[in-house]
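**Student:** give me coordinates for this.
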Amino acid sequence: MRIILGVSGGIAAYKSVMLLRLMKAAGWEVQVVMTPMATQFVGPLTFSALSDGCHTDVVRGEAWDNHVMLAEWADALVLAPATAHLIARMVHGMADNMLLLTYLSFSGPVFVAPAMDSGMYRHPAVQQNLQALSERPGHTVWPVGTGALASGLTGPGRMLEPADIMTRLQKAGIGV
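**Tutor:** Numbering: from 1, shown residues only. Next up, the predicted model:
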């Protein structure tokens with residue numbers, strides 16, 4: 001199984017490291033694609049050391065068309081965490097970073113694990129964007145967890161735990 005793990009810039013990015021380890025333990029090939037903001041939360045070197053490759057930029061030393069090659073290579077795209085910012089840009093087809101370029105080039109199944117603070121999650125614009133993504137063919141938007149958030153608040157918005165994401169992927173036929 002070949003997976004692109006898309007990591008966007010939220011505090012839940014630290015959970016993506018454990019998700020990557022679980023994917024690798026399952027025997028999957030995993031390429032990580034990070035947004036610029038994600039690199040502020042977890043360093044690309046961490047993902048590079050644990051994955052089959054980590055991509056952060058379209059130009060700096062990387063081939064300009066690597067997003068196309070990645071999209072052709074992968075069997076599934078898992079976006080975890082998917083911030084409100086990333087989700088909005090996906091809905092509107094924006095392509096200003098490596099992850100969004102890869103997403104728009106990819107034609108297989110897309111799995112979205114949202115993560116954000118409760119107020120953001122409850123905002124009507126975010127709810128509309130989540131609904132729009134869930135209605136796209138081949139897209140699965142998972143629910144968020146409820147509990148303690150990085151802001152100190154408690155409520156909905158937590159990214160699913162890595163083990164739960166793995167279970168959901170396997171139930172969807174990924175890696176089975």
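
**Student:** ok, Thr83 to Thr167 distance?
**Tutor:** Per C-beta to C-beta, to the nearest Å, Thr83 is found 23 Å from Thr167. In this view, the C-beta of every residue, glycine as well, is placed from N, C-alpha and C.

**Student:** neighbour count for those two, which is higher?
**Tutor:** For Thr83 versus Thr167, the count of surrounding residues by other C-beta atoms under 10 Å is larger for Thr83: 25 against 12.

**Student:** so where do the strands sit in this structure?
**Tutor:** Assignment of strands within the chain using DSSP state E yields the ranges 2-7, 29-34, 54-55, 76-82, 110-114, 139-141, 145-148, 154-158.

**Student:** out of those strands, which comes closest to Lys15?
**Tutor:** Across the strands of the chain, Lys15 has its closest neighbour in strand 76-82 (7.1 Å, C-beta to C-beta).

**Student:** could you list the residues in contact with that closest one?
**Tutor:** Residues outside strand 76-82 that contact it (C-beta atoms under 8 Å, 6 or more residues apart in numbering): 1-8, 10, 12-13, 15-16, 19, 86, 90, 99, 102-103, 106, 108-115, 159-160, 165, 169, 174.

**Student:** one more pass at 7 Å, please.
**Tutor:** With C-beta atoms under 7 Å, 6 or more residues apart in numbering as the test, strand 76-82 has contacts from 3-6, 8, 10, 12-13, 16, 19, 86, 103, 106, 108-115, 159, 165, 169, 174.

**Student:** and the residue nearest to Gly6 when sequence neighbours are not counted, what are its bridge partners?
**Tutor:** Distances taken as C-beta to C-beta, 6 or more residues apart in numbering put Leu79 closest to Gly6, at 4.2 Å, once the chain neighbours are dropped. Judged by DSSP bridges, the bridge partners of Leu79 are Gly6, Val112.

**Student:** against Leu153, how distant is Leu79?
**Tutor:** Taken as C-beta to C-beta, the span from Leu79 to Leu153 is 23 Å.

**Student:** output the below-cut-off pLDDT ranges for the chain.
**Tutor:** 58-65 (pLDDT under 70).

**Student:** could I get the full set of helices for it?
**Tutor:** Taking DSSP state H to define them, one finds helices in the chain at 13-25, 44-50, 66-73, 84-91, 98-105, 118-122, 124-134, 162-171.
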